[in-house]
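Engineer: could you look at this predicted model? Sequence included:
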Amino acid sequence: MLDTLRVISTPEGVELTLRLAGPVSRGLAWLMDVIIRLVIFAVCSATLAGLEQYGTGMAMILWFLLEWFYPVIFEVYRHGATPGKSLMKLRTVMDDGTPVSWGASMTRNVLRAIDFMPLMYVTGFLSMIISSRFQRLGDLAAGTVVVYSNEQRYGQMLPDAPIQSPRTRLLPTEQRAVIDFAQRLPGWTDERADELASLAEPLVDQRKTIAPRLQLVGIARYLLGQR
Amino acid sequence: MTQEQFELQHQATWQAFEHWLNGRHKKATIQEVTLQARDIPAIYRDVCAHLALARDRQYTSALLDRLNQLALQGHEVLYGARTGVSTKIGRFFTRDFPQLVREQRGVVFIAAALYFVPLLICIIWLQQDPKLIYHIMSTAEVKNFEQMYQGEMMKNGRDSGADFMMWGHYIGNNIKIDFQCFAGGLLFGIGTVFYLVMNGIMHGSVAGYLTQIGAGEHFWGFVSGHSAFELLGAVMSGAAGLRIGMALIAPGLYSRATALKHAAKPAVGLCFGAASMTFIAAFIEGFWSSNQWAPFEFKVGLGITLWILLLIYFVFVGRRHAA
């Protein structure tokens, strides 16, 4: 499977898809969380320093809470996303797509201690590439997955281009591909879009004066019934 | 039906549903929400049907993504409802935790044996000859705890600042050890067994050594108050780790991954209970154990009382509500 999609079936009889997040974006999210926690700790312990031993005691409790409960609190109360995760547009959900529960969040975050071993999440990384859903050991035990929080939104409106009919008969999946291309057009530079479009050789005529990308958009509009 | 007709026909439903979903997260906009809660399940089912239709008719990815997102959020809201945390926590301590401990008594007894057997052996063994401790610890470590239990603190107690600091230290350090002991279960239980036996040996030798050299009164006076919560907490976190380890060693009829998932629920309950007990122990250890005004007999008596109360709690509490 090349796609990182996880399909869940609901009682209503439809299949919903989640987009799983891989080790790199999760690693970056973790790194941001580490930085955020260090900053919080540094600021707080600087202010607590004036309280001498009371301050030291409170700083130790604060560090304990930041180390073990920072991820749990955010995951339960902020829709599965710690600040780092939400910056990377990630969130933790149960593997059936429902919000992460207290127990599951505790499990996956306490078992972090093993995923971290022997250093820098080597165990967790190996587990992620072996498991089919990018789960580290803590995720496997808790039954959670980390997914992208937002589906990419394509524009509803197609760019303007002269409508033309395709020169060959297109299969349903090919039609989908052409329409998807047209809708994702704003995401590319014109040169890159032309380059991609000219790969669709029998559909696109290089000799025409209209740019290849616009030829494909024209076909897409035809397929969508804008005749 | 072309996609445009389809979209036109259902646009209003989707927008209303989307609006309702967004409104749930922001309390300020709640007045704008037009849908009634009782309509939501029906609308959700409609959206699901639209998604299935759109997929079947090969509509565009943009529409499919939008419907998938809507259905996913609806699914989350409808199937993700959970009861309040505070009632759950209350019920955990008054019912669920002791029930869980009784239900998991197999691993609890094993964990207790792994900790208490080495502990008792070391206490008795060191009565023969206190020098044996140097087989277990370095000279510096022995000096260190000797000073701890014979030095200034034991004669005059600590001031309140030091009490508070040590409280913070006990919370951070001891609960962390609980968590690590639990997580060690993921290494096929080896990490947990190691923690339990190791701690048993360490604690047993310190206790045995200090008793032998005549510092017993200070030592037992200090530890008796928090010992029930501290030691049983350690045993519970060990039991949690063993539960995880057992799932990996003997998964039974399940695959290892599934067995692990099943074991995680009781295990994390035990671990949470263990952490709470250690938390209580940190309170006692920080603010009570080091005081010098209470007589030795009272401190030991209190310690024994707490042991009895805690055992009664685990044996009897929550039986009325047993499933």
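Structural biologist: Done, it's in.
Engineer: gap between residue A:16 and chain B?
Structural biologist: Per Cβ to the nearest Cβ, to the nearest Å, residue A:16 is found 5 Å from chain B. Placement of C-beta: from N, CA and C, glycine included.
Engineer: for chain B, what's the nearest residue on chain A?
Structural biologist: Residue nearest to chain B within chain A: residue A:57 (3.2 Å; Cβ to the nearest Cβ).
Engineer: for the spatially most central residue of chain A, give the beta-bridge partners.
Structural biologist: Most central in chain A under Cα atoms, centre = their mean is residue A:148, positioned 2.6 Å from the mean C-alpha point. Per DSSP bridges, the residues bridged to residue A:148 are residue A:90.
Engineer: list the contacts for it?
Structural biologist: Taking Cβ atoms under 8 Å, 6 or more residues apart in numbering or on different chains, we find residue A:148 in contact with A:19-21, A:89-90.
Engineer: show me where chain A has its strands.
Structural biologist: Applying DSSP state E to chain A gives strands spanning A:5-9, A:15-19, A:90-94, A:144-148.
Engineer: relative to strand A:15-19, how tilted is the third one?
Structural biologist: Interaxial angle of strand A:90-94 relative to strand A:15-19 (axes from the mean of the first three to the mean of the last three Cα atoms, to 10 degrees): 140 degrees.
Engineer: ok, now the last one?
Structural biologist: Here strand A:144-148 runs at an angle of 80 degrees relative to strand A:15-19 (the same axes, to 10 degrees).
Engineer: how far does strand A:144-148 sit from the chain's center?
Structural biologist: Centre-to-centre, strand A:144-148 and its host chain are 8 Å apart (Cα atoms, centre = their mean, to the nearest Å).
Engineer: buried residues, that strand. List them.
Structural biologist: By neighbour count on 16 or more other Cβ atoms under 10 Å in any protein chain shown, the buried set for strand A:144-148 is A:144-148.
Engineer: what parts of the stretch 51-200 of chain B come near chain A?
Structural biologist: Proximity of the stretch 51-200 of chain B to chain A, by Cβ under 8 Å from any Cβ of the partner chain, involves residues B:51-52, B:58, B:60-62, B:65-66, B:68-69, B:71-72, B:75-76, B:79-80, B:82, B:85, B:88, B:161-162, B:164-169, B:171-172, B:175-176, B:179-180, B:182-184, B:186-187, B:191.
Engineer: buried members of these into PyMOL, please.
Structural biologist: Listed next is the PyMOL selection for buried residues among those, using 16+ other Cβ under 10 Å:
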select buried, chain B and resi 51+52+60+61+62+65+66+68+69+71+72+75+76+162+164+165+166+167+168+169+171+172+175+176+179+180+182+183+184+186+187+191
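Engineer: narrow the residues of the stretch 51-200 of chain B next to chain A to those in helices?
Structural biologist: Judged by DSSP state H, these include B:51-52, B:61-62, B:65-66, B:68-69, B:71-72, B:75-76, B:79, B:85, B:88, B:161-162, B:164-169, B:171-172, B:175-176, B:179-180, B:182-183, B:191 as members of helices.
Engineer: number of nearby residues for the closest residue to residue A:164 other than its chain neighbours?
Structural biologist: Leaving aside its chain neighbours, residue A:164 sits nearest to residue A:218 (4.3 Å; criterion: Cβ to Cβ, 6 or more residues apart in numbering or on different chains). Neighbourhood size, residue A:218 [other Cβ atoms under 10 Å in any protein chain shown]: 23.
Engineer: ok, the residue lying closest to residue A:121 once chain neighbours are set aside - contacts?
Structural biologist: Nearest in space to residue A:121, with sequence neighbours left out and distances taken as Cβ to Cβ, 6+ apart, is residue A:115 at 5.7 Å. Counting by Cβ under 8 Å, 6+ apart, residue A:115 touches A:121, A:123-124, A:127, A:136-138.
Engineer: repeat for residue A:13
Structural biologist: Contact analysis of residue A:13 by Cβ under 8 Å, 6+ apart lists B:48, B:52.
Engineer: and it, its phi and psi?
Structural biologist: phi 80, psi 20 (degrees, to the nearest 10).
Engineer: ok, the longest helix along chain A near chain B or not?
Structural biologist: Longest helix in chain A by number of residues, with DSSP H as the criterion: helix A:23-48. No - taking Cβ under 8 Å from any Cβ as the criterion, helix A:23-48 and chain B are apart, separated by no less than 10.3 Å.
Engineer: average pLDDT for that helix?
Structural biologist: The pLDDT scores in helix A:23-48 average 91.
Engineer: quick one, it and strand A:90-94 angle?
Structural biologist: Using the same axes, to 10 degrees: helix A:23-48 against strand A:90-94 is 100 degrees.
Engineer: got the residue ranges for the helices in the chain?
Structural biologist: If you meant another chain, say so; for now it's chain A. Using DSSP H, helices in chain A cover A:23-48, A:52-68, A:70-77, A:83-87, A:102-110, A:112-115, A:122-130, A:137-142, A:172-183, A:190-197, A:212-223.
Engineer: wait, chain B was what I had in mind.
Structural biologist: Applying DSSP H to chain B gives helices spanning B:3-25, B:40-56, B:61-79, B:85-91, B:97-103, B:105-128, B:139-150, B:152-156, B:160-183, B:190-212, B:216-249, B:256-287, B:296-316.
Engineer: go through the ones you listed and pick out the most buried.
Structural biologist: Here the criterion is mean neighbour count by mean count of other Cβ atoms under 10 Å in any protein chain shown, and of the helices of chain B the winner is helix B:216-249, at a mean of 24.
Engineer: pretty sure the residue nearest to residue A:164 contacts residue A:160?
Structural biologist: No - counting by Cβ atoms under 8 Å, residue A:218 stays clear of residue A:160, with 9.7 Å between them.
Engineer: residue nearest the centroid of chain B?
Structural biologist: residue B:272 (1.9 Å).
Engineer: figure out which of the helices of chain A is closest to residue B:17.
Structural biologist: helix A:172-183 (22.4 Å; Cβ to Cβ).
Engineer: per-residue confidence averaged over that closest one?
Structural biologist: 82.
Engineer: same thing with stretch A:79-96?
Structural biologist: For stretch A:79-96, mean pLDDT is 89.
Engineer: buried stuff in that stretch?
Structural biologist: A:79-86, A:88, A:90-96.
Engineer: can you give me the end-to-end span of it?
Structural biologist: 15 Å (Cα to Cα, to the nearest Å).
Engineer: pull the residues that contact that stretch.
Structural biologist: A:6, A:8, A:18, A:21, A:25-26, A:28-34, A:36, A:70-71, A:74-75, A:78, A:99-101, A:104-105, A:108, A:133, A:143-150, B:25, B:76, B:79.
Engineer: residues near residue A:226, how many?
Structural biologist: By the measure other Cβ under 10 Å, the count of residues near residue A:226 is 12.
Engineer: hmm, it is touching residue A:163, no?
Structural biologist: Yes - when contacts are counted by Cβ under 8 Å, residue A:226 is listed as touching residue A:163 (6.3 Å).
Engineer: quick one: residue B:138 from chain A, how far?
Structural biologist: Residue B:138 sits 25 Å away from chain A, taking Cβ to the nearest Cβ as the criterion.
Engineer: and the pLDDT for residue B:51?
Structural biologist: At residue B:51, the pLDDT value in this model is 90.
Engineer: and what of residue B:108?
Structural biologist: 93.
Engineer: would you enumerate the residues in contact with it?
Structural biologist: B:101, B:235-236, B:239.
Engineer: any idea how far residue B:276 is from it?
Structural biologist: Relative to residue B:276, residue B:108 is positioned 16 Å away (Cβ to Cβ, to the nearest Å).
Engineer: got it, and residue B:226?
Structural biologist: With distances taken as Cβ to Cβ, residue B:226 is found 14 Å from residue B:276.
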